[in-house]
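# The following block contains a protein sequence and its predicted model.
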Amino acid sequence: MGAKLKVAGWVVVGALAGGLTTMQLQATARSSMAELPLEEMKQLAVVFDVVKRNYVEPVDEKKLIRDAIAGMVSGLDPHSQYLEGKGFTEFRENVEGKFVGVGIEISMEDGLVKVVTPIEDTPAFKGGIKSGDLITRIDDTAVRGLTMDQAVKRMRGEINTKVTLTVYRKAENRTFPVTITRAEIRTQSVKAKMIEPGYGWLRVSQFQVPTVGDFVKKLNDLYAQDPNLKGLVLDLRNDPGGLLDGAIAVSAAFLPQGVTVVSMRGQMPQSRHEFKAVPEAYSRRSNFDPLKGLPEAVKKVPMVVLVNEGSASASEIVAGALQDHKRAVIMGAQTFGKGSVQTESRELIIPNTSVKLTTARYYTPSGKSIQARGIVPDVMLDETAEGNIFAALQMREADLDKHLNSGQGPEVKDVAREKAREEARKKLEAEAAKAGAQPLKRPAEFGSAEDFQLTQALNHLKGKPVVVSKSAVERKPETSTTN
């Protein structure tokens, strides 16, 4: 019938989060019944009828169809997904960098929620919540026994509703309740500070809608403190990705204008594109160049980019571009290896539903696929001075079921990595089982004085010796085989 299907403007380049771009992809809709696999479609109808008539309990017909759609999409690869209801809402909130909640960054400690930091000017901040506070109850529910996700969901809710947090403050050895009115929270995906005179640290934790604006502001703040910055550490550790145009903008801030940042190749002609370090590639949702006010010195400041196993997709685009153009030294651990792009269709029939579908692979400026391999650092670093305690346990793209191969040859299974992860798991279990064993020392908070990898990055910028990893092993690239 020759109908055209507009596939909408959300492009996902994050391992855990989505991306937003104004780019539209078009594909010819296979709307002709003659093109459908009729036998399989009949089979679907028969199975639907069998389940409806014979299942032990009455079934929700609409849910059956939704589950069939979800299974069809999720069966393709780990990142394609059918979104509806709460999943649809959370996806949008994550990308846009805002949500309804109390306004704290958290971790878990001894089964309790630990406040890493209250976000400035949020209800939690105004309510007196402090870094280091432990949350023991959320309303009438004890936190111990909840996962972090479960605790987060209980603290989030409808705007202007109240939640009571029971807080234990170690420094004062007291427990007290704090009632907070939920509000819309704008997440902080960029942090920056002067590590010491002449050397700055700039961390991007995720590429969201506000990230580029925050990135420019923080970078300008660093140069306001020291116009003659001697070195800069761009910290992308545990950055799961996000907006494609955000990754292009951050790369373009440090690269010569017009050079290639990343390219995409997919089945549709419209998904084959090369993105360059020009305003048109990263400012399509605005009428101005957000990088225009940055100092010229940004293009030449000596740089280290820190990455690890949790650096994925958009953060890998940035690291790959700066590495290929020899603009920065990449230090840390081999990255996650998510080199695929997902596009979200906004034109489904049912409101508040969409399909996030893998539509392309992306490639570094030199033409390398990151998919199922990742970025290999120029300098491998351990997590701590004692070595890599948890790195072997980290899952990467190549460990996920149904992951795409690199597109540059069939995949060869990394047996050595699987063995290393199993050995590391057994070692941790054995140590935990020892009577009176001390808790394993976890890596320090990123950006702190105890941050071993940041110290090594600073040493490199100063021309001092760097403690290079003696145990880190590169995940072997996928290689071609002959059948």
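Ah, there it is. Residues are numbered from 1 along each chain as shown.
# so what pLDDT did Pro410 get?
Model confidence at Pro410, given as pLDDT, is 50.
# isn't there a strand covering Gly157?
No: judged by DSSP: H, G, I helix; E, B strand; the rest coil, Gly157 forms no part of a strand; its state is coil.
# what's the neighbour count on the residue lying closest to it once chain neighbours are set aside?
The shortest distance from Gly157 to any residue other than its chain neighbours is 5.3 Å, reached at Arg182 (Cβ to Cβ, 6 or more residues apart in numbering). In this view, the C-beta of every residue, glycine as well, is placed from N, C-alpha and C. A count of nearby residues for Arg182, using other Cβ atoms under 10 Å, gives 22.
# and what of the one 5 residues further on?
As a burial measure, Thr187 scores 22 neighbours (other Cβ under 10 Å).
# From Gly374, how far off is it?
25 Å (Cβ to Cβ, to the nearest Å).
# How about Thr384?
21 Å.
# What of Met72?
Met72 is 29 Å from Gly374, by Cβ to Cβ.
# Please identify which of those two sits among more neighbours.
Between Met72 and Gly374, counted using other Cβ under 10 Å, the more crowded position is Gly374 (27 against 13).
# can you list the weak-confidence ranges in the chain?
1-34, 285, 346-347, 389-394, 406-442, 473, 475-483 (pLDDT under 70).
# 50 instead, please
1-10, 15-33, 478-483 (pLDDT under 50).
# Tell me which other helices or strands the longest strand belonging to it touches.
Taking DSSP state E as the criterion, the chain has its longest strand at strand 353-363. In terms of contacts (3 or more Cβ pairs under 8 Å, 6 or more residues apart in numbering; DSSP states H and E), strand 353-363 is packed against strand 10-12, helix 61-74, strand 81-84, helix 85-96, strand 260-266, strand 340-345.
# which residues in the stretch 101-250 of the chain form helices?
Secondary structure of the stretch 101-250 of the chain (DSSP state H, counting those that start in this stretch): helices at 123-126, 148-155, 211-225, 244-254.
# Determine the angle, from 0 to 180 degrees, between the longest one and helix 244-254.
Read it as helix 211-225. Computed by axes from the mean of the first three to the mean of the last three Cα atoms, to 10 degrees, the angle separating helix 211-225 from helix 244-254 equals 20 degrees.
# Just list what helix 211-225 packs against, helices and strands only.
Under the contact criterion of 3+ Cβ pairs under 8 Å, 6+ apart, helix 211-225 touches strand 190-196, strand 199-204, helix 244-254.
# How about that helix, which residues are buried there?
211-212, 214-216, 218-219, 222-223 (16 or more other Cβ atoms under 10 Å).
# ok, now stretch 63-83?
Judged by neighbour count (16+ other Cβ under 10 Å), stretch 63-83 contains these buried residues: 66, 69-70, 73, 77-83.
# got these as a markdown table, with distance to Pro240 columns?
Formatted as a markdown table, the buried residues of stretch 63-83 follow (distance: Cβ to Cβ, whole Å):
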| residue | distance to Pro240 |
| --- | --- |
| Arg66 | 26 |
| Ile69 | 25 |
| Ala70 | 22 |
| Val73 | 20 |
| Asp77 | 16 |
| Pro78 | 13 |
| His79 | 11 |
| Ser80 | 17 |
| Gln81 | 15 |
| Tyr82 | 20 |
| Leu83 | 17 |
